[in-house]
Structures are given as C-alpha cells and as structure tokens.
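[1] I'll drop the sequence and a predicted model, then ask my questions.
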Amino acid sequence: MRKGFFISIGIILVLVIAIVAYHRFQYETKTAFFHLFPIFRWKSMDQPILFNHLIHKEKLNLNCTFCHRYAERRRSAGIPNIDLCRACHATDAMSKKPEALKVVKYVRAEEEIPWKKMYGLPKFVVFPHWIHVQNGIDCSVCHGLTGKKERPVKMVDRNYMAGCMDCHKKRGASNDCYACHSS
Ligand code: HEC
Ligand code: HEC
Ligand code: HEC
Ligand code: HEC
Ligand code: HEC
C-alpha cells in the first residue's frame, strides 16, 4: 500500500520534471534526447526519383550551390528541376541507371519532377539562407547528413525555434521576435 503510494509520487515527480524541463530548457532537453536516441535525429521521405547526392558530388565534384543556386543570394535555396538536369540527362549518355532514365523521361516530356519539399518552416517564420551562407555557416550545420549520405534527410534535431535561438545567442545574431516572425 505505502510502496504503491511512493511509486506513484515518484512517477508524478518525474513527469513534472520532464514537463518543466521541456518547456524551460527545450534546447537542452531535445539535445539530450537526440543524443540518447540518434535514430530520431532525421526523417527520410519518398521522392518520385531517388536522387543521389553522393554520386553527383563524387563523380562531378559539384558544389551544393551549383544546384541549389539561390542559397547565397536569396531567402530560399531552391530545388533544381529539369531545366538543370537537362544539361546532363537529356539522353542516357551520362548514365543508364534506371533512376537516371526516369529523369530523361521527365526532361523529354518537358514535365517538372514533382519533388516533395522536406524542409519547411511554418509560414510565420522568416528564414533567409543568404545571411547564413554569407556568414560562413556550412550547409551541414542545419542539413546534417544531406549531401554526405546518398539520400537527403530532414534533420529534425536542430531546425526548431530553440535551436535557431541557441546559435543566435552564441553568434550575437538577433533574437528579437520580429527578426524571425515578420513577413
Ligand atoms: C546535382 C544537383 C545537386 C547538388 C550538387 C546538390 N543537390 Fe541537394 N538536392 C538536389 C535535388 C534534385 C533535390 C531534390 C530531391 C530530393 O529531395 O531527393 C535536392 C534536395 C536537397 C535537400 C532537401 C530539400 C527539401 O527541402 O526537400 C537539401 C537540404 C539539399 N539538397 C542539400 C544539399 C547540400 C547541402 C548539397 C551539397 C553538399 C547539395 N544539396 C548538393 C540536387 C542537388
Ligand atoms: C553536370 C552533370 C549532371 C547534372 C547537372 C545532373 N546529373 Fe544526374 N548524374 C550525373 C552523373 C555523371 C551520374 C552518374 C553516372 C553513373 O554512375 O551511372 C548521374 C546519375 C544520376 C542518377 C542515377 C543515380 C543512381 O544511383 O541511380 C539520377 C537519379 C540523377 N543523376 C538525377 C539527376 C537529377 C534529378 C538532376 C537535376 C536536378 C541531375 N541528375 C543533374 C550527372 C549530372
Ligand atoms: C542556419 C541553417 C541553415 C543553413 C546554414 C542552410 N540551410 Fe537550407 N534550410 C534551412 C531551413 C530552416 C530551411 C526551411 C526554410 C523554409 O521553410 O523557409 C531550409 C531549406 C532548404 C532547402 C529546401 C528548398 C528551399 O529553398 O526552401 C534546400 C534545397 C536547402 N535548404 C539547401 C541548403 C544549402 C545548399 C545550404 C548551403 C549552401 C543551406 N541550405 C544552408 C536551414 C539552413
Ligand atoms: C549556426 C548558427 C545559426 C543557426 C542555427 C541559425 N542562425 Fe540565423 N543567423 C545566424 C547569424 C550568424 C546571422 C547573422 C547575424 C548578423 O549578420 O548580424 C543570422 C541571421 C538571421 C536572421 C536575420 C536577423 C536580422 O538581424 O535581421 C534571421 C531572420 C535568421 N537568422 C533566422 C534564423 C532561423 C529562423 C533559424 C532556424 C531555422 C536560424 N536563423 C538558425 C546564425 C544562425
Ligand atoms: C531565430 C529565430 C526565431 C526567433 C528570434 C523567435 N522565433 Fe519563434 N519560431 C521560430 C521558428 C523556426 C518556429 C517554428 C518552429 C517549428 O515549426 O518547429 C517558431 C515558432 C514560434 C511559435 C509557434 C509555436 C511553437 O513554439 O512552435 C510561437 C508562438 C513563437 N515562435 C513565438 C516567438 C516569440 C514570442 C519570440 C520572441 C521571444 C520568438 N518566437 C522568437 C524562430 C524564431
């Protein structure tokens, strides 16, 4: 009877601490969580074509901004489509792999590849790529394994408000609500 009582008090206490820690120290709790369970750090997504970042990097040594060409100058980085792929995949001369042949099909049909966007913040958040890239922050700081693994992944362990604010604090960037929440 008494034992049960103490166990339930213990459970309630742990829950209260967890809730307080989550709200008060969101960055620290999330970081600890993702260290304990690294498999939750990223999500993958099915795409119409299995685009392989590694092959394009290793065989051709292309920079990220060769394809994501707005990252250095604009708010969004941009996802390339057939107008870029056409340069190499207009025929099967460059690659005869089945996934590459799908690209040739889209290019020939003049049809945009319907990529699904993996990274996306809610509409009420402003995220300018160019400021970060011009400040020398590497793509991998936010996009992690993307570009180092074959398939792109969405890193969920860092692209949230407390994650943004932690770096802003360290780097002396603005943490004014309106810096990130104005249109
Ligand atoms: C040859 C062109 C090319 C190069 C070079 C390239 N990418 Fe990509 N990237 C793509 C394409 C095409 C997609 C969309 C397909 C997909 O998500 O699987 C994509 C998707 C992404 C995404 C996911 C975007 C989203 O929200 O859906 C990120 C992040 C990304 N690339 C980062 C990088 C980084 C970092 C590098 C350099 C290490 C890089 N890319 C180099 C073509 C390229
Ligand atoms: C500068 C030339 C170049 C550009 C631009 C380019 N590719 Fe490629 N692509 C290659 C080469 C080279 C290979 C590898 C050939 C091989 O090993 O078979 C390749 C391979 C591929 C493959 C097959 C990979 C696999 O493992 O199955 C896909 C899919 C692909 N490319 C998609 C794209 C898409 C989508 C775009 C446009 C966003 C694009 N590529 C732009 C040169 C290019
Ligand atoms: C400081 C973190 C950060 C850095 C550095 C960064 N990104 Fe992003 N990236 C994001 C966030 C956050 C989003 C989602 C943006 C949104 O929804 O407005 C995103 C979205 C994207 C997308 C999806 C398409 C788009 O334009 O929204 C691509 C592709 C991408 N980034 C590529 C890159 C590349 C390539 C680099 C390096 C040159 C880079 N990013 C550097 C945080 C970053
Ligand atoms: C790794 C560090 C880092 C991360 C992570 C980061 N930022 Fe930044 N951010 C910076 C730096 C550095 C600046 C430039 C400060 C300057 O030039 O004064 C900046 C500037 C900005 C600005 C312009 C601020 C102004 O004064 O107008 C906005 C908006 C912004 N970041 C939004 C975001 C958002 C949203 C995220 C999260 C998705 C994010 N940042 C993540 C380092 C970072
Ligand atoms: C450095 C950028 C940045 C700053 C500064 C910032 N936010 Fe945010 N905020 C974000 C991002 C990114 C999200 C989206 C989080 C997500 O979807 O995971 C967000 C989401 C929110 C949300 C939606 C609920 C939630 O937590 O997801 C509210 C409310 C909010 N912010 C209020 C504020 C207030 C109030 C301030 C000033 C104290 C502020 N923000 C400062 C980047 C920022």
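    That came in fine, so what should we check first? Ligands and ions are numbered 1, 2, ... in the order given.
[2] Leu84 and ligand 3: what is the separation?
    The gap separating Leu84 from ligand 3 is 12 Å, by Cβ to the nearest ligand atom, to the nearest Å. In this view, the C-beta of every residue, glycine as well, is placed from N, C-alpha and C.
[3] tell me if stretch 24-34 is near ligand 4.
    No: figure legend: stretch 24-34 not in contact with ligand 4 (Cβ under 6 Å from any ligand atom); closest approach 11.0 Å.
[4] touching ligand 5 at all, that stretch?
    No: against ligand 5, stretch 24-34 shows no contacts by Cβ under 6 Å from any ligand atom, the least distance being 8.6 Å.
[5] which parts of the chain sit against ligand 2?
    Counting by Cβ under 6 Å from any ligand atom, the chain sits next to ligand 2 at 49, 51-52, 55-56, 59-60, 67, 80, 84-85, 87-89, 94-95, 97, 99-100, 103.
[6] what about 5 Å?
    Proximity of the chain to ligand 2 (Cβ under 5 Å from any ligand atom) is limited to residues 51-52, 55, 59, 80, 84-85, 87-88, 94-95, 97, 99-100, 103.
[7] neighbour-wise, give me the winner out of these.
    Val103 (23 neighbours; other Cβ atoms under 10 Å).
[8] quick one: average confidence on stretch 170-183?
    Per-region confidence: stretch 170-183 scores 92 on mean pLDDT.
[9] before we move on, back to that, of all the residues of the chain next to ligand 2, which comes closest to ligand 4?
    Taking Cβ to the nearest ligand atom as the measure, ligand 4 sits nearest to Pro80 out of the residues of the chain next to ligand 2, at 21.9 Å.
[10] that closest one belongs to a strand, doesn't it?
    No: Pro80 is assigned coil when assessed by DSSP: H, G, I helix; E, B strand; the rest coil, not a strand.
[11] and it, how far from ligand 3?
    Distance from Pro80 to ligand 3, by Cβ to the nearest ligand atom: 9 Å.
[12] kindly report the same for Lys57.
    Taken as Cβ to the nearest ligand atom, the span from Lys57 to ligand 3 is 12 Å.
[13] I'd say that residue and Gly147 touch.
    Yes: counting by Cβ atoms under 8 Å, Gly147 is a contact partner of Lys57 at 6.5 Å.
[14] nearest residue to Tyr22 other than its sequence neighbours?
    Thr29 (5.2 Å; Cβ to Cβ, 6 or more residues apart in numbering).
[15] how about Lys102?
    According to Cβ to Cβ, 6+ apart, the nearest residue to Lys102 is Ile49 (5.0 Å).
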